[in-house]
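In: Okay, structure incoming, though there's no sequence with it:
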């Protein structure tokens, strides 16, 4: 059994009120893979990079025990590049530049050794690539988690709806949930979206935490109140990686485990934003993670007894 | 011992996407008093109304066991009036009209029978009236909770700062916490505000719940995800009333009880928004409240054990 993550690998140039970076390693598959690797040892990536990506960067991923057999290296091509600037509130950003490069022709190839996939994370990518990945797996995984964004709702809604029919969990943010459903109330939005295919829906609300809907229940996970958000890039991907990594570890898919998975996802995301890029994610210990989980418990626990 | 609530009593005309009302009874003291009365039997109001307020409306309050000895009736005057329209998102509103009427000269008088006050809620009012109330109490109550708003930060900041030095708990919303502190991060905002006097700070975030800061700890309370918010008027006051009502009931002031008090406040607020004005608040049973508390437990509880 293994956890397979399909997503981008990229170079990012990031500006925040705290500073700016030259090209640093990024991409959804990187953030999600590193986050998942703290929870589940058999994590495997499917992605594409150019010859410029460099062995050093690939070795960083391998050092986390992540299998990169499925990462295609297009020697004569260039790696996907994204440049963005965050506003002072860190909740909004401008894209300063996007160069698709090798991502433009990305056609996911699934190594034979990946066919034991039981947990699949379809990272934010064109729905067509997400559909191809599913079609090329010899059997349907036990759990498929889909991450997507408003761009695909605007420009590839029909394909996105086809993917939605084949996944178990969808993770999107509150604005995207409203857009996809046409409902302002998140309760009504969740009702609509759960009729589109997924059994569970996670609505990410950034500094306000996340909501999990499914099995007729709702769970509200807090976000850790942070004195400083240094760089929000990759937080959603780290969330998705921590989420599916926890479920791969515990194996049983039910609402109670889904709730814990949301807390693990929130935990990995809370580390991600503490430094630029994936720097903080790469230096964690198991005790760092356990300690933060305890913070989430303290943050949300109360004890009311009726008199 | 008693719980005293100082605040406005008003007529409101409200428009929401669901409909509009003629003049209905409103005001912070009304909402907070009714909410508190479900938790604590010795609740007493200080406010002012005009001759137009009517015995029927006063009898509604008395029917909840609330003492209105301290509600001054200015026979020849008119009751404070507010008209507002909520936008489609229910998170923002326009004030269409404000007539201060008898509120303009409000000078709070404290009946002798109110001098057993141990729990004091200073509802949203001019800081000068809040200071007068405190000065006229024979002894400092065990717990003083202050509600205020951006208006007083803009136009009476010096007086507001004097009140802050004399209270135990401040409740404001996230935008107000940022304005008062000059800090965007709510963690940093809380640090600054707790240096201004209050021992505890509650930051209300509407549909995103509330944060409680104090004793070096943080608690994040969820908001109940609602399919429909019918009328948000008074939700913050119902929150404050439920909050201090719970603490008056349990008597011991510590962080654990404060957390529960935030959940009770959130519970009363969640009922308040279900119908226009205080209609829903007036028809609750103890079992309605207990049932909703159980919903808050289910909404936020998770159980992680380390392997």
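Out: Structure's in. What do you need? Just so we're clear, the structure is a prediction, and the values are computed from it rather than from any experiment.

In: Run through chain A and note the low-pLDDT ranges.
Out: Applying pLDDT under 70 to chain A flags residues A:307.

In: What distance do you get for the residue nearest the centre of it to chain B?
Out: The centre of chain A sits closest to residue A:237, judged by CA atoms, centre = their mean, with a distance of 2.6 Å. Distance, residue A:237 to chain B, by CB to the nearest CB, to the nearest Å: 22 Å. C-beta here means a position set from N, CA and C on the backbone, and glycine is covered the same way.

In: and the one helix or strand that residue maps to, what does it pack onto?
Out: Following DSSP states H and E, one finds residue A:237 within helix A:235-250. Secondary-structure packing of helix A:235-250 (3 or more CB pairs under 8 Å, 6 or more residues apart in numbering or on different chains; DSSP states H and E): strand A:2-6, helix A:28-37, strand A:117-122, strand A:143-147, strand A:169-173, strand A:200-204, helix A:255-272.

In: Quick check: buried residues in it?
Out: For helix A:235-250, the neighbour count (16 or more other CB atoms under 10 Å in any protein chain shown) marks A:235-250 as buried.

In: so how far is it from its chain's centroid?
Out: With CA atoms, centre = their mean, to the nearest Å as the basis, helix A:235-250 stands 7 Å off its chain's centre.

In: ok, back up a step: residue A:34 is in contact with the residue nearest to the centre of chain A, correct?
Out: No. Using CB atoms under 8 Å, residue A:237 makes no contact with residue A:34, being 9.2 Å away.

In: and the closest residue to residue A:183 other than its chain neighbours, what element?
Out: Distances taken as CB to CB, 6 or more residues apart in numbering or on different chains put residue A:189 closest to residue A:183, at 4.2 Å, once the chain neighbours are dropped. Element membership of residue A:189 [criterion: DSSP H and E] is helix A:186-194.

In: Check the offset of that helix from the chain's centre.
Out: That offset, for helix A:186-194, works out to 21 Å (CA atoms, centre = their mean).

In: Ok, stretch A:300-307 next?
Out: Chain-centre distance of stretch A:300-307: 33 Å, with CA atoms, centre = their mean.

In: what about residue A:37, how many neighbours?
Out: By other CB atoms under 10 Å in any protein chain shown, 23 other residues sit near residue A:37.

In: now swap in residue A:254 and tell me
Out: Counted with other CB under 10 Å, residues neighbouring residue A:254 total 11.

In: give the contact list for it.
Out: Contact partners of residue A:254, counting by CB atoms under 8 Å, 6 or more residues apart in numbering or on different chains, are residue A:215.

In: Looking at the helices and strands packed on helix A:235-250, spot the one closest to chain B.
Out: Chain B lies closest, by CB to the nearest CB, to one member of those: helix A:255-272, at 4.3 Å.

In: Buried ones in stretch A:194-209, by neighbour count?
Out: For stretch A:194-209, by 16+ other CB under 10 Å, it's A:194, A:196-198, A:200-209.

In: can you narrow those residues to ones near chain B?
Out: Counting by CB under 8 Å from any CB of the partner chain, A:205, A:207-209 from those sit close to chain B.

In: Around the residue nearest to residue A:183, how many other residues sit close by?
Out: Other residues within reach of residue A:189, judged by other CB under 10 Å, total 24.

In: same check, this time on residue A:155
Out: By other CB under 10 Å, the residues close to residue A:155 number 11.
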